[in-house]
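K.L.:
Need a 3D model of the sequence below.
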Amino acid sequence: MIRNFRALLLASIALAGPAWSLALAQEGPVETPLAPLDDAGAPAINEDEMADFLNSQQQIKQDVTLTRTVDGKVIETKKQTIVYSPGDPLRDSEAGLSPIEQLKAEFDSQALTRKEALEEARLDFVIADLDRDNTMNAGEFVYLVKGWQDAKISGSGHGRFVDPYFHVDQAAADAEHAEQARTKFADMAGDSAMLNKKAFTRKVIEQFEQYDLDKDNLLRGDELLNFRAAVRGETIFAEPAAPTEPTEPSE
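P.N.:
Just a heads-up that it's a prediction; the model follows:
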């Protein structure tokens, strides 16, 4: 049985070989068969090609409602429609966020509540505490700021790191940022040269309250940019002006 199968296989190869060689050796123009015509004389449409074309033109639309809350109260609602193009991921993948998650991340990064700032500070301390001794030193704080710089966080320029200056030399820029971070940490830590989690989070919240000019427990716009810069030891805009006493309205 096996011998018969091998004989048939060799015979098939022998028969197919000359025909294949002849096709390759053929020279001159090769006529392409014309598409069949319909009753009106126009080329008939291939059903499979038409289906592929229609599928490529389809778009999926999704309406998304984003809400922002402070102290359990909804303070902002934003409605937006996401239009998915062919090939866009509908779910998160290792390559990145889905369009809806990108939209949420951008919306979230445009404002920061006091509660979110506190949660961020607690998480930042855990990330920076490399030796797990429940304290943060200057080198660990520089490491933390470097992580903010390297992170890809969207949000209309309101991410964790916004560099106010253009640097041609990246190495010089990194050294400058590190020095600013060391200076900032020295200011926060004082004579102890170390910060525990409670002290670090308290310093961050003090900065939050300093830049929350309207005292609504929410930072956005210039308030948020200044806060982000101040926490890492930089200044993008002018320091907030000292509050003034209200004046009596003139008659």
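K.L.:
quick one: low-confidence ranges for the stretch 101-250 of the chain?
P.N.:
By pLDDT under 70, the weakly predicted segments of the stretch 101-250 of the chain are 152-159, 162-167, 237-250.
K.L.:
Now do the strands in it.
P.N.:
According to DSSP state E, counting those that start in this stretch, the stretch 101-250 of the chain carries its strands in the segments 111-113, 218-220.
K.L.:
Okay, now the sheet partners of the first one, with direction.
P.N.:
On the basis of DSSP bridges, the sheet neighbours of strand 111-113 come out as strand 218-220 (antiparallel).
K.L.:
Mind listing residues that contact the strand it pairs with?
P.N.:
For strand 218-220, the external contacting residues (CB atoms under 8 Å, 6 or more residues apart in numbering) are 70, 75, 110-114, 117, 158, 208, 211-212, 227. (Glycine included, C-beta is placed from N, CA and C.)
K.L.:
So which of the residues you listed wins on neighbours?
P.N.:
Scoring these on neighbours with other CB atoms under 10 Å, the highest-scoring entry is Phe208 at 25 neighbours.
K.L.:
State the distance from the closest residue to it other than its chain neighbours to Ala193.
P.N.:
Leaving aside its chain neighbours, Phe208 sits nearest to Ala117 (4.8 Å; criterion: CB to CB, 6 or more residues apart in numbering). With distances taken as CB to CB, to the nearest Å, Ala117 is found 24 Å from Ala193.
K.L.:
now swap in Gly72 and tell me
P.N.:
Using CB to CB, one gets 40 Å for the distance from Gly72 to Ala193.
K.L.:
Repeat that for Gln210.
P.N.:
The span separating Gln210 from Ala193 equals 23 Å under the rule CB to CB.
K.L.:
So these two - more neighbours on which side?
P.N.:
Gln210 (14 against 11).
K.L.:
end to end, how far does stretch 98-117 reach?
P.N.:
Distance between the two ends of stretch 98-117: 25 Å, counting by CA to CA, to the nearest Å.
K.L.:
Please apply the same query to stretch 62-78.
P.N.:
Taking CA to CA, the span from the opening residue of stretch 62-78 to its closing residue is 14 Å.
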